[in-house]
Structures are given as C-alpha cells and as structure tokens.
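Visitor: Turn this into a structure:
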Amino acid sequence: MEVKELEKMIREQEGSLSLAFPALMRKVYIWMALALALTGLTAYGIASNTNLAFALISNRMLFWGIAIAEFSLVIFLSARIHKLSLTTATLSFLLYSVLNGVTMSIIFLAFTASSIATTFYITAGTFGVMAVYGYVTKADLSKLGNILMMALLGLIVALVVNIFLRNSMLDLIISGIGVILFTGLTAYDSQKIKTALAMQEYPDETAQKVALIGALNLYLDFINLFLYLLRFFGRSNN
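Guide: Residues are numbered from 1 along each chain as shown. Down below sits the predicted model:
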C-alpha cells in the first residue's frame, strides 16, 4: 500500500470520529512511549550498576518479589482502573513500567548491546506496521482477538510446562508462536482502542482512563513482542 493511499484511508476514517478522539489517541502513544522509556532507562541503569545488578541476580527472593509485585500491580490496574483517580492510575502504570525495567535489566547482562538495539528496531518496525493496520483496516478483528486471547492462555500454559521440561525445541516453538501472537494482538488492540476512543465525546477523566488502559495494552504488546524476538536475534554476552 502506497503512503498516499494510507493517508487517504486515515483521513476518511477520522471524518467519522469524535472531536475528542485525536487528543485521546495522542495520549495513548505518549503514555506508551513514556512507559517504554522508563522501562529502558531503568533496565540499562541497573545493568550498568555492578552492585545493583549483582544484588538482583544473587538474591532470588528479591527478584521474584519484584516480579510478583509487578504482576500484581498490572492485574490491579487493569481490574480497578475505573475506580481509581486518573492520577493514581497513571502513576501506577508508570510504576509498573519501572518495575518491569528492573526485571528486564538482566537482558542487558545476558545479551550484547548491538543485538538488543537490532531487536528493538525490528520490534518497533513490526509494531508500527501492525498498529497502523489495526487502525486503518475496515475488517472486524474482534473474532481474531478472541482466538488470540485463547492462544495467549495456551502460550502461558506451555511456558509454565517448559519451566520444568527445559526443552530447547519447545522453547523455540513457543518463541515463534509468541512473535505471531503479539504481532496479531498489536493490530487487534489498535483497532479496539480506536473503537473505544471514538465513542468518547469529551476528553474527560473517564475517556482518559480508556486511553490509559489502551496505552497499557499496547505497551504490553510491544514488550512481549520484543522479548520473543530477542530469543531469535539476541546474541549472548558470554
């Protein structure tokens, strides 16, 4: 598809959207970009500090405690966002991105900086293409979303099973499925966010919470896509 045709499709679709939509959509990507930046800076900062990195690696209770807190926070935010104030919800999202950066800091210790950068660019390109597709397509992706969510549950089960099996071939298969899954979820979530924000007449607190949870979903899509791609393109530091 040519750039001019893509721009025309976007303009045509924006003609039927609410006046609040452009501002809300910008907030989605601003929050997402800020969260990604916090995650990256936190991960790099900890990996660059020998004492902090050693404490995180050598103390399993500390690492898993942070991981559990991170998981609990994202579940809490997703379930309770409409009952929280916008400020509390935003700070919770940013705190989650920092905690995620802490656990992801081991990536900078395990892989070379060049392979991490390469994987990031590949992820950004793939994410961008699928996010635009989800935004401009006239196809209904809701059925695809239901399939992808069921596949996500299966992926989680397979990951847990392989913790005990430690099968390298199964790990490779899981990684491939993960790339396909989160590539599809990026398009699905992009369309879902557009639909949800198009229904908001005013950029009030309720509408901004819808944008915030959309930013969280896209952030998770990006992070997971990056992690699964890293299994293919990452080069060990050892």
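Visitor: Now do the buried residues in the biggest helix by length in the chain.
Guide: Longest helix in the chain, counting residues (DSSP state H): helix 168-198. For helix 168-198, a neighbour-count test (16 or more other C-beta atoms under 10 Å) marks 174, 177-179, 181-194, 197-198 as buried. In short, each C-beta sits where N, CA and C put it, glycine included.
Visitor: Give the other helices and strands that that helix contacts.
Guide: helix 21-48, helix 113-136, helix 142-165, helix 205-233 (3 or more C-beta pairs under 8 Å, 6 or more residues apart in numbering; DSSP states H and E).
Visitor: Which stretch among those is buried most, on average?
Guide: Neighbour counts (mean count of other C-beta atoms under 10 Å) averaged over each of those peak at helix 205-233, with a mean of 20.
Visitor: now for the helices and strands packed on helix 168-198, which one comes closest to Leu84?
Guide: Evaluated with C-beta to C-beta, the helices and strands packed on helix 168-198 place helix 205-233 nearest to Leu84, the distance being 7.9 Å.
Visitor: for Ala89, what are its contacts?
Guide: Each residue near Ala89 by C-beta atoms under 8 Å, 6 or more residues apart in numbering is listed here: 77, 81, 209, 212.
Visitor: what do you get if the cut-off is 10 Å, keeping everything else the same?
Guide: With contact taken as C-beta atoms under 10 Å, 6 or more residues apart in numbering, Ala89 is in contact with 77, 80-83, 205, 208-209, 212-213, 216.
Visitor: from those, which single one is nearest Ile106?
Guide: Closest approach to Ile106 among the contacts of Ala89 (C-beta to C-beta): Leu216, at 22.8 Å.
Visitor: Let me see the confidence value for that closest one.
Guide: The model reports Leu216 with a pLDDT of 97.
Visitor: Tell me the spatial nearest neighbour of it, not counting adjacent residues.
Guide: Spatial nearest neighbour of Leu216, excluding adjacent residues (C-beta to C-beta, 6 or more residues apart in numbering): Phe93 at 5.8 Å.
Visitor: any idea of the angle the one helix or strand the one you found maps to forms with helix 21-48?
Guide: Taking DSSP states H and E as the criterion, Phe93 maps to helix 86-104. Angle of helix 86-104 versus helix 21-48, following axes from the mean of the first three to the mean of the last three C-alpha atoms, to 10 degrees, is 40 degrees.
Visitor: Can you tell me what sits against whatever helix or strand comes next after helix 86-104?
Guide: Following helix 86-104 in sequence order, the next helix or strand is helix 106-110 (DSSP H and E). Surrounding helix 106-110, the residues in contact under the criterion C-beta under 10 Å, 6+ apart are 40, 43-48, 53-54, 56-57, 63, 115-116, 119, 226-227, 230, 234-238.
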